[in-house]
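Engineer: One predicted model, sequence on top.
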Amino acid sequence: MICLFMVVDMLHATTIKIGKDQAVKTIKQGIEMAKAGDTVLVKAGLYKEGNIIVDKAITLLGEGRPTLDAEKKHEPLSVKSPHVTIKGFEIKNSGHSSINDIAGIKIYNTHHVKVIDNILIDNFFGIYSQNSKHLEILDNKIEAYGTAEQLIGNGIHGWKSDSLHIERNTVTGHRDGIYLEFVTHTHVLNTISEKNLRYGLHFMFSHDNSYVGNTFRANGAGVAVMYTKNVHMENNLFEENWGDASYGILLKDISDSQIINNKFDRNTTGIFMEGSNRIHIDNNNFIGNGWGIKIQASCMDNTFRDNNFMQNTFDVATNGTLTLNNFTQNYWDKYEGYDLDRDGIGDVPFRPVSLFSMLVERYPSVMLLFRSFMVTLFDRSEKLLPSLTPEGLKDEQPRMKSVKV
């Protein structure tokens, strides 16, 4: 019956215009006058109205990019109704709080909300979903100027939410560009997350999600994926994530997932894996990283197939001698074997873990000897008579030519 009344209201939807030259001067007054299905059309201008609460199923539409300025005191927009659309605004200067997660746009315990084509500048959190589902967050530019992690929130933040569609956003200058916790059935697509203080993307306990076509660039520590299963990551770019503890991706306690057709370019470590199992890592490019892959002995039943390892200082490193993972048909630019039958597969296995990389794992200071003649001699000797490097960690079928990714 409620849905029937809503449909009837929407059939009689009207547009309420807001602006200095209009009969209605404030957004709050327009929302108070509106009924379900109406559009509140806000003309260009500067609006300082404190906390604006959207508690009706309306479209809040900006014309000429009106600015909502919270003056560092308030939460600019709080959405507390289903079937709301927020489009076309510049939203800036939210309040900051270490107790309440104040956001430029915060969506509270609701569903079917669209946040489209907004510019959010210098807010504590950018767009925040709290216990909500079926949201669309599209084509937004979210920018902050954080100088310390504890002084800034995340660009797009999802907590205990389901079925979020996050696409074509740009996020910079926050703690984490995108942070998801207890978030399921969510897709992050074609989004750029760069120059954030900690992670470009950070998610925990967030199962059955996909991340496709995104760029994670120059973030403090790259991307962190923790305590999650059924993750699909495809056609993403992880680049220039440099630092002592920086990664393209950190995988911690991840299982039953796919990392396919991604590019890891100039990161301290392309992928760092700990306690992660049954992951297919296929058709990726690892180019110009310090370490292509660091895989801890706690990882099992992972498959690395048809990847390219080129111009990395170390292709693979590990902290143990027992390996229970499978490397097959990858291209290694350090491979010096031969292919007598010309089938494109090397006739001798390739061992991607060098003796020197094992020593660096145990004694980081020996990195000072990198490229010395003695190190080259040790690595050559180890390849001929393996003794310290893991016997089982080898590619039995290395490719002679790089794979097209």
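Structural biologist: Good, I have the coordinates.
Engineer: what bridges to the residue nearest the centre of the chain?
Structural biologist: Closest to where the C-alpha atoms of the chain average out (CA atoms, centre = their mean) is residue 201, at 2.8 Å. Counting by DSSP bridges, residue 201 is bridged to residue 178, residue 223.
Engineer: Check the contact between it and residue 214; I expect there is one.
Structural biologist: Yes: Residue 201 is within contact range of residue 214, at 7.4 Å (criterion: CB atoms under 8 Å). The C-beta positions use only the backbone N, C-alpha and C, and glycine is treated the same way.
Engineer: what residues are shared contacts of these two?
Structural biologist: Jointly contacting residue 201 and residue 214 under the rule CB atoms under 8 Å, 6 or more residues apart in numbering are 188, 193.
Engineer: Under the pLDDT cut-off, which ranges of the stretch 301-405 of the chain? List them.
Structural biologist: 321-322, 355-392 (pLDDT under 70).
Engineer: now the helices: where do they sit in it?
Structural biologist: 355-362, 373-384 (DSSP state H, counting those that start in this stretch).
Engineer: Repeat that for the chain.
Structural biologist: For the chain, the helices defined by DSSP state H cover 2-11, 27-33, 355-362, 373-384.
Engineer: how far out from the middle of the chain is stretch 250-264?
Structural biologist: What separates the centre of stretch 250-264 from the centre of its chain is 12 Å, taken as CA atoms, centre = their mean, to the nearest Å.
Engineer: try stretch 137-149
Structural biologist: Using CA atoms, centre = their mean, the offset of stretch 137-149 from its chain centre is 13 Å.
Engineer: and that stretch, how far apart are its ends?
Structural biologist: End-to-end distance for stretch 137-149, by CA to CA, to the nearest Å: 24 Å.
Engineer: which of the residues in it are buried?
Structural biologist: 137, 138, 140, 141, 142, 143, 144, 146 (16 or more other CB atoms under 10 Å).
Engineer: can you list those in a markdown table and add pLDDT and distance to residue 181?
Structural biologist: Output for those, formatted as a markdown table (pLDDT from 0 to 100; distance: CB to CB, whole Å):
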| residue | pLDDT | distance to residue 181 |
| --- | --- | --- |
| 137 | 98 | 16 |
| 138 | 98 | 22 |
| 140 | 98 | 20 |
| 141 | 98 | 24 |
| 142 | 98 | 18 |
| 143 | 98 | 23 |
| 144 | 97 | 20 |
| 146 | 90 | 19 |
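Engineer: residues in contact with residue 282?
Structural biologist: The neighbourhood of residue 282, defined by CB under 8 Å, 6+ apart, consists of 258, 259, 260, 261, 303, 304, 305, 306, 307.
Engineer: Please, a ChimeraX command that selects the buried ones among those?
Structural biologist: Those of the contacts of residue 282 that count as buried under 16+ other CB under 10 Å are selected in ChimeraX with:
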select :259,260,261,304,305,306,307
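Engineer: If you drop the residues flanking it in sequence, what lies closest to residue 213?
Structural biologist: In this structure, residue 213 finds its nearest non-sequential neighbour in residue 190, 4.5 Å apart by CB to CB, 6 or more residues apart in numbering.
Engineer: Likewise for residue 217?
Structural biologist: Spatially, and ignoring its direct neighbours in sequence, residue 217 is nearest to residue 194 (4.0 Å; CB to CB, 6+ apart).
Engineer: The one you found and residue 222 touch, don't they?
Structural biologist: No: with contact defined as CB under 8 Å, residue 194 does not reach residue 222; the gap is 11.2 Å.
Engineer: So between the two, which is more surrounded?
Structural biologist: Using other CB atoms under 10 Å, the more surrounded residue of residue 194 and residue 222 is residue 222, with 32 against 18.
Engineer: Tell me the confidence at that one?
Structural biologist: At residue 222, the model reports a pLDDT of 93.
Engineer: residue contacts, it?
Structural biologist: When contacts are counted by CB under 8 Å, 6+ apart, residue 222 is found next to 199, 200, 216, 238, 241, 246, 247, 248, 249, 250, 267.
Engineer: now, which of these sits nearest residue 42?
Structural biologist: When the contacts of residue 222 are compared for distance to residue 42 (CB to CB), residue 200 wins out at 32.2 Å.
Engineer: The residue lying closest to residue 162 once chain neighbours are set aside - how many residues pack around it?
Structural biologist: Closest residue to residue 162 apart from its sequence neighbours, by CB to CB, 6+ apart: residue 133 at 4.1 Å. Residue 133 has 21 neighbours, counted by other CB under 10 Å.
Engineer: my guess is residue 133 contacts residue 111, does it?
Structural biologist: Yes: taking CB under 8 Å as the definition, residue 133 is a contact partner of residue 111 at 4.9 Å.
Engineer: Find the residues that touch each one of the two.
Structural biologist: In terms of CB under 8 Å, 6+ apart, residue 133 and residue 111 are not both contacted by any residue.
Engineer: per-residue pLDDT, residue 247?
Structural biologist: 94.
Engineer: separation between it and residue 306?
Structural biologist: To residue 306, residue 247 is 22 Å away according to CB to CB, to the nearest Å.
Engineer: Over to residue 26?
Structural biologist: Residue 26 is 59 Å from residue 306, by CB to CB.
Engineer: swap in residue 405?
Structural biologist: The value you get for residue 405 to residue 306, if CB to CB is used, is 8 Å.
Engineer: got any residues that touch both of the two?
Structural biologist: Counting by CB under 8 Å, 6+ apart, the common neighbours of residue 405 and residue 306 are residue 283.
Engineer: Disregarding flanking residues, what is the spatial nearest neighbour of residue 161?
Structural biologist: Counting by CB to CB, 6+ apart, residue 161 lies nearest to residue 129, which is 4.5 Å off, once chain neighbours are set aside.
Engineer: Alright, that wraps it up for me.
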